[in-house]
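Colleague: What follows is a predicted protein model with its sequence.
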Amino acid sequence: MTEPVVGTATEKLGYRVKRAASALRARMDEGLRPHGLTVPQYATLELLEEHPGLSNAELARGAFVTRQSMNVVLRGLQEAGLVHRPSTSEHGRALPAHLTDEGRRRLGAARDVVYSLDARMLRAVPEERRARLLADLDAMAAALA
């Protein structure tokens, strides 16, 4: 069942979520640039620290990029010495990726930038509403899954 159209496009939830996401992306781009990282590269490093050995497909899903784009991201991270992947796979075609020591160091430095942006966004919401906001965002994502 479709909802009736009420209000302008810029009053809609989707527009506001996208505006917030675009603002975050712009600030992340600025903050990560001095660390020599893009947002997808940073996301990939975070994912690999949390889950070493993820495949290209798993990383693509987690970083919200296509598998083809993740190939480019991983190649750049490998060339920069931040990620290691074997040249051949022991099981199937997947080449599990792992952070290098330099990858961990760069991630740690870049994380400060990203986490400070996260804190900045949360400070814009009264403390007593933060947990509910996060739960609501999770519920909205689940409703569209």
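Modeller: Yep, that arrived. Numbering: from 1, shown residues only.
Colleague: any idea how far the closest residue to Ser116 other than its chain neighbours is from Phe64?
Modeller: Using CB to CB, 6 or more residues apart in numbering and skipping the chain neighbours, the partner closest in space to Ser116 is Gly31 (8.0 Å). Just so you know, the C-beta spots here come from the backbone N, C-alpha and C atoms, and that holds for glycine as well. Using CB to CB, to the nearest Å, Gly31 is found at 18 Å from Phe64.
Colleague: The two: which is more packed in?
Modeller: For Gly31 and Phe64, the more surrounded residue by other CB atoms under 10 Å is Gly31, and the numbers stand at 18 against 10.
Colleague: about what we covered before: now do the contacts for the residue nearest to Ser116.
Modeller: In this structure, Gly31 makes contact with 110, 113-114, 116-117, judged by CB atoms under 8 Å, 6 or more residues apart in numbering.
Colleague: So which of these belong to helices?
Modeller: Mapping the contacts of Gly31 onto helices (DSSP state H) picks out 110, 113-114, 116-117.
Colleague: Tell me the one of those residues nearest Leu13?
Modeller: The shortest separation between Leu13 and any of the ones in helices among the contacts of Gly31 is 21.7 Å, and it belongs to Leu117 (by CB to CB).
Colleague: re the thing from before, show me which of the contacts of Gly31 are buried.
Modeller: Of all the contacts of Gly31 considered here, the ones buried according to neighbour count by 16 or more other CB atoms under 10 Å are 110, 113-114, 117.
Colleague: I'd like those as a markdown table, with pLDDT and distance to Glu127 appended.
Modeller: Written out in a markdown table, the entries for the buried ones among the contacts of Gly31 read as follows (pLDDT from 0 to 100; distance: CB to CB, whole Å):
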| residue | pLDDT | distance to Glu127 |
| --- | --- | --- |
| Ala110 | 97 | 27 |
| Val113 | 96 | 23 |
| Val114 | 97 | 21 |
| Leu117 | 97 | 18 |
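Colleague: Understood, closing this out.
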